[in-house]
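Asks: Can you look at this prediction? I've put the sequence above it.
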Amino acid sequence: MTPPAGAGPDAAGSRGAARHSYRQILRSSTLVGGASLLQMLIGLVRTKAFAVWLGPAGLGLMSVFGTVVDLARNLASLGLNSSGVRRIAQAASSGEAARIVRTAHALRATAWVLGCLGGLALAAASPWVSQLTFGTTERATEIALLGAALWLRLVADGYGALVHGLRRIADMTRADLLAAAIGSLLAIVLVYAWRESGVAPALVAIAALSALTSWWVARQAMQPMSPGPASTASDAAAAESTPTGSTPTRAELIAEARVLLRGGLALMGSGLLTLGAAWAVRGVLVRHAGLAEAGLFQSAWALGGLLVGVVVQSMSADFYPRLVGVARDDTAATRLVNEQMLVNLLVGGTGVLATMTLAPVALPLLYSRAFDGAQEALRWVCLGMALRVVTWPMGTLLVAKGAQTRLLLADLVWAFTWLGLAWAWVDKWGPAGAGMAFFAAYAVQAALLVPMVRAQAGMRWTPANLRLGAGMAALIGGVFAAWQLLPAPWAVGLGLASTLVAAGLTLHVLRALVSPQALPPRLRGWLGAGTPAAQQEERR
């Protein structure tokens, strides 16, 4: 890609800056996305084992337990994870070593305290939580055990926020992979040995490995070091600014903890609404349709969010800290959001098309034949996930700009839309009704966020993103309609063709946007870099 005819140095510089930004997005996305794919494969092996040994009802139980921990985690953390990433990122961008030390110590200490209090509170409230969730107190002992998982998850979040804020992406992904592998192995052994009784201990084991690896990586990040190999230039900069200063005083720690909690309370509302809605919808499924139907929806939810989850996780690893750094500059923030949005539409849209198309094969392969009834719910979940890759960057922009109230309003409408429609539709359509409600909720949220980000940051989609979004919507809508109207072989054929078109478009656009020689070697090969044409383009 060369500058337009007549373009001056400023235009060329702008194009170079855009290429650098896309290159950074792709590098971090490739690193985190590759690790996320490996974690996904590990999770698929774990889920397959659970599905075979526990069946839909057991998988539904694990889903409900996991949602209980996630909801309690959000409540007990008081938004510490999000505020911690933001404060560490701000401290790292300022280059003030003492500020990083102070924030890091306060973040870790606060995470330990909140984890202990949260775990004890969940154990004490376990009979009430069991009654509210299952309609009986029979699960109270298992829920009390989940208090340990909650404590460990909060500790892991504290250490993870430190690493995330410093943008130590390579270290973070290695820790996540190690935790996923060993934790999954322990969980599989526990479920195999104790079947349904091993579900709660399995969740504790996974949380324990996450806490251990996060502690180890955070400890390495805070040790004195010299600049060395890093996954990105920002990693090297973070390494250079890694502090060696003295331990902060108690007064400094208390003051910093107050700042973290004050910022966290403003950020926790959105997460609380998201997890609360997920927990409530699963409660609706359990009470109205049974644990087996909840297990079917969980399989659809997990599979529908696999590839999109990789996109979102890749984005959150580097995008949020970068966005915080430019949040005061509306032009720079808008450009960054549009750049991230383009990559999300390409990769996320292709993933959604592939998941919708391969649902009849993926569900029995990854779970068992008992989960065939989740296909309809899966396709509706995929539609919702397609909207999620669009709404997530806009919501992140509001958080980076300090406009949490606007995002909280949008999330409030989203949560009540999902829960209200699920309550109305589950009786008639079962798990598919919950999927329909999920899609409708994201459609409503998207309609709210677009004017919000326009008012807050003057953000508008670029013409390229508008065209790409319309094209991806047409492909995804066509494949979804094909499954409703056409015989299965025809629907599969159309889905495969659409997926190939989307994948080809993705490779073409990414190759045009990014200087191929700057990409990771494997990705460079996929995009056709190294050819004479590519080398000539690089020289330009």
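Replies: That came through, no problem.
Asks: all contacts plus neighbour counts: C-alpha atoms, from now on.
Replies: Fine.
Asks: Go ahead and measure how far the helix or strand that contains Ala92 is from the middle of the chain.
Replies: Assigned by DSSP states H and E, Ala92 belongs to helix 80-94. Centroid displacement of helix 80-94 relative to its chain, using C-alpha atoms, centre = their mean, to the nearest Å, is 18 Å.
Asks: swap in stretch 153-161?
Replies: That offset, for stretch 153-161, works out to 16 Å (C-alpha atoms, centre = their mean).
Asks: and it, what's its mean pLDDT?
Replies: Here stretch 153-161 scores 88 as its mean pLDDT.
Asks: and the helix holding Ala92, which residues are buried?
Replies: Burial within helix 80-94, assessed by neighbour count using 16 or more other C-alpha atoms under 10 Å, is assigned to 80-93.
Asks: mind listing what the residue nearest to Arg328 when sequence neighbours are not counted touches?
Replies: Leaving aside its chain neighbours, Arg328 sits nearest to Lys401 (7.0 Å; criterion: C-alpha to C-alpha, 6 or more residues apart in numbering). Residues near Lys401 by C-alpha atoms under 8 Å, 6 or more residues apart in numbering: 324, 327-328, 456.
Asks: Residues in contact with stretch 152-164: which ones?
Replies: Under C-alpha under 8 Å, 6+ apart, the answer for stretch 152-164 is 73, 77, 80-82, 84-85, 88, 104, 107-108, 110-112, 114-115, 169, 171-172, 204, 207-208, 210-212, 214-215, 217-218, 221, 317, 321.
Asks: now do stretch 284-298
Replies: Contact with stretch 284-298 is made by 56-61, 63, 134-135, 282, 371, 373-374, 377-378, 422-423, 426-427, 430-432, 434-435, as judged by C-alpha under 8 Å, 6+ apart.
Asks: If any of these are buried, put those into a ChimeraX selection.
Replies: Here is the ChimeraX command that selects only those of the contacts of stretch 284-298 that count as buried (16+ other C-alpha under 10 Å):
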select :56,57,58,59,60,61,63,134,282,371,373,374,377,378,422,423,426,430,431,432,434,435
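Asks: on that earlier part again, quick one: which of the buried residues of helix 80-94 is nearest to Trp490?
Replies: Proximity of those to Trp490 was ranked by C-alpha to C-alpha; the top entry is Ser82 with 45.4 Å.
Asks: how far away is that closest one from Gly469?
Replies: Taking C-alpha to C-alpha, to the nearest Å as the measure, Ser82 falls 29 Å from Gly469.
Asks: picking up where we left off before, give me the buried subset of the contacts of Lys401.
Replies: Judged by 16+ other C-alpha under 10 Å, buried ones among the contacts of Lys401: 324, 327.
Asks: show me what contacts Trp279?
Replies: 64, 67-68, 71.
Asks: in which helix or strand would I find it?
Replies: Here Trp279 is assigned to helix 250-288, by DSSP H and E.
Asks: what mean pLDDT does that helix have?
Replies: Helix 250-288 comes out at a mean pLDDT of 78.
Asks: Retrieve the pLDDT associated with Gly435.
Replies: pLDDT, Gly435: 93.
Asks: That one and Met385 touch, don't they?
Replies: No - using C-alpha atoms under 8 Å, Gly435 is not in contact with Met385; the gap is 10.4 Å.
Asks: re the thing from before, pull out the buried positions in the helix holding Trp279.
Replies: Buried residues in helix 250-288 (16+ other C-alpha under 10 Å): 253-254, 256-257, 259-261, 263-286.
Asks: now swap in stretch 399-414 and tell me
Replies: 399-404, 406-414.
Asks: repeat for stretch 441-456
Replies: Going by 16+ other C-alpha under 10 Å, stretch 441-456 has these buried residues: 441-446, 448-450, 452-453.
Asks: Can I get those residues in TSV including distance to Phe50 and pLDDT?
Replies: Below are these laid out as TSV (distance: C-alpha to C-alpha, whole Å; pLDDT from 0 to 100):
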residue	distance to Phe50	pLDDT
Ala441	30	95
Tyr442	30	94
Ala443	33	95
Val444	35	95
Gln445	34	93
Ala446	35	93
Leu448	39	93
Leu449	38	92
Val450	40	91
Met452	42	92
Val453	42	90
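Asks: Cross-reference those with the helices and report the matches.
Replies: Among those, the members falling in helices are 441-446, 448-450, 452-453 (criterion: DSSP state H).
Asks: For those residues, work out which two are farthest apart.
Replies: Most distant of those, by C-alpha to C-alpha, are Ala441 and Val453, 18.4 Å apart.
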